[in-house]
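In: Predicted structure and sequence below. I'll ask about it afterward.
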Amino acid sequence: NVNMSKAYPLIDPYSTGYLKVSDVHTLYYEECGNPNGKPVVFLHGGPGGGISLTDRGFFDPEFYRIVLFDQRGSGKSTPSADLREKFVFGIVLHTTWDVVEDIEKLRKELNIAKWLVFGGSWGSCLALAYSQKHTEQVVGMVLRGIFTLRKTELDFFYQNGASHIHPEAFEEYLAPVPESERDDMVKAYHKLLNSDDDDVRVNAAKAWSKWEMATSKLIVDPLDVAKAAEDTWANAFARIENHYFVNEGWMEQGQLLKAENVNKIKHLPCIIVQGRYDIVCPFKTAWDLHKQWPESNLKVVPNAGHSSREIATLALLVEATDEFRGL
Ligand SMILES: CNCC(=O)c1nnc(C(C)(C)C)o1
């Protein structure tokens, strides 16, 4: 029952494809809207969340060449939930920086020189990492629910913080973890999500995913919670998220918020849309980013949580992409 009233029509792609980006991974991507329009790339959350039909609705299809893709291991990209970067003796696992380069590979495949970058939650983290590394390819940024994988951010949501707002859902999230291991939930879930026992792995993936889907909106949406019960989706979402969080995104603490890195992109137009009551990626991180980047246009949604699909948040995101048609 997602109210997409402010969104653009959910059009069909005019082109879809698969792009091999490494020994292991092939990405699914789709292009919607105007083939000759201004390019925009949509970076989904999670990581591991994959794109959804409704993600097309943030952009004016007559104006934008809308590029959406499932990041490695996510959605229709293959192999699902695979954490490996390459097949070599011993295991080399993929990192944030491999995904940053995947975006570049896709951009070149589509013969795009520069594009607007749109990303929420993990997508905002990836957008910051990408734009700070490939600044010349970015014309502007629309960011939502700012997330930079600092330990304080991860602790708030996965250990002790959001649990005070949703204690009953948190008890379900705790359930698969032995009491003796509950002092480090991300580490405990890493064991469960990489178990050789399929039942243990899938059960943990559903519990991990349900915790996030039950807390993403100010008013809990049963449809979101139901999504967490889909085995394949939950497995990819949980395994990939946990893999990135155990490694704190392969970034120094606060790296994306450091002046030396924000200064690389602060000349770019940027609109930040942040729910006041976002308990998945609390407002503090958006505030820290804005203080480092005062030129960014911070829009606080007074009656929203984390999701891009809460009505007021969605409206501001569409307003932002409409405004950036003038870039
Ligand atoms: C900690 N993960 C936050 C995030 O990136 C995220 N939250 N919800 C999503 C989906 C909409 C992709 C489920 O992603």
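Out: Alright, I've got the coordinates.
In: Pull up the pairing partners for the helix or strand of the chain with the lowest mean pLDDT, direction included.
Out: Within the chain, no helix or strand scores below strand 91-93, which has a mean of 79 by mean pLDDT, DSSP states H and E. Strand 91-93 sits in its sheet next to strand 84-87 (antiparallel), going by DSSP bridges.
In: Run through who's touching the partner strand.
Out: Under the contact criterion CB atoms under 8 Å, 6 or more residues apart in numbering, strand 84-87 has outside partners 22-24, 91-95, 98. Backbone N, C-alpha and C define where each C-beta goes, glycine included.
In: starting at the chain centroid, how far to that strand?
Out: 22 Å (CA atoms, centre = their mean, to the nearest Å).
In: and what of stretch 104-122?
Out: Using CA atoms, centre = their mean, the offset of stretch 104-122 from its chain centre is 14 Å.
In: Stretch 76-93 too?
Out: Stretch 76-93 sits 20 Å away from the centroid of its parent chain (CA atoms, centre = their mean).
In: Could you do stretch 29-48 as well?
Out: Distance, centroid of stretch 29-48 to centroid of chain: 13 Å (CA atoms, centre = their mean).
In: repeat for stretch 260-274
Out: Centroid displacement of stretch 260-274 relative to its chain, using CA atoms, centre = their mean, is 18 Å.
In: Stretch 262-275 too?
Out: 17 Å.
In: just stretch 188-196 next, same as before
Out: Distance, centroid of stretch 188-196 to centroid of chain: 22 Å (CA atoms, centre = their mean).
In: Now it - C-alpha only, CSV.
Out: Taking C-alpha atoms only, stretch 188-196 is exported to CSV below (Å, rounded to 0.1, in the frame of the first residue of the first chain):
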residue,chain,number,x,y,z
ALA,A,188,27.3,-13.1,16.0
TYR,A,189,25.2,-12.7,12.9
HIS,A,190,28.3,-13.1,10.7
LYS,A,191,28.7,-16.6,12.1
LEU,A,192,25.0,-17.5,11.5
LEU,A,193,24.9,-15.9,8.0
ASN,A,194,27.9,-17.9,6.9
SER,A,195,26.8,-21.1,8.5
ASP,A,196,27.0,-24.4,6.5
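In: who touches that stretch?
Out: The contact list for stretch 188-196, computed with CB under 8 Å, 6+ apart, reads 176-178, 181-182, 200-201, 203-205, 208, 238-239, 242-243, 246.
In: just stretch 308-317 next, same as before
Out: With CB under 8 Å, 6+ apart, stretch 308-317 has contacts from 2-7, 54, 57-58, 118, 120, 142, 144-145, 217-218, 273, 275, 299, 301-304, 307.
In: Are any of the residues you listed buried, and if so which?
Out: Among the contacts of stretch 308-317, the ones that count as buried by 16 or more other CB atoms under 10 Å are 2, 4, 6-7, 57-58, 118, 120, 142, 144-145, 217-218, 273, 275, 299, 301, 304, 307.
In: Just the ones of those residues in helices?
Out: Secondary structure of those is defined by DSSP state H; no position falls in helices.
In: now, which of those residues lie within strands?
Out: By the criterion of DSSP state E, membership of the buried ones among the contacts of stretch 308-317 in strands covers 118, 120, 142, 144, 273, 275, 299, 301.
In: out of these, who's nearest the ligand?
Out: The ligand has its nearest neighbour among these in residue 120, at 7.0 Å by CB to the nearest ligand atom.
In: Dump the ones in strands among the buried ones among the contacts of stretch 308-317 into TSV; add pLDDT as well.
Out: Output for those, formatted as TSV (pLDDT from 0 to 100):
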residue	pLDDT
118	98
120	98
142	98
144	98
273	98
275	98
299	98
301	98
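In: Just send those residues back as a markdown table, with distance to residue 292 too.
Out: Output for these, formatted as a markdown table (distance: CB to CB, whole Å):
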| residue | distance to residue 292 |
| --- | --- |
| 118 | 20 |
| 120 | 19 |
| 142 | 18 |
| 144 | 18 |
| 273 | 18 |
| 275 | 20 |
| 299 | 17 |
| 301 | 21 |
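In: okay, these in TSV with distance to the ligand next?
Out: Formatted as TSV, these follow (distance: CB to the nearest ligand atom, whole Å):
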residue	distance to the ligand
118	13
120	7
142	15
144	10
273	14
275	12
299	19
301	15
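In: what's the closest of the residues you listed to residue 169?
Out: residue 275 (17.8 Å; CB to CB).
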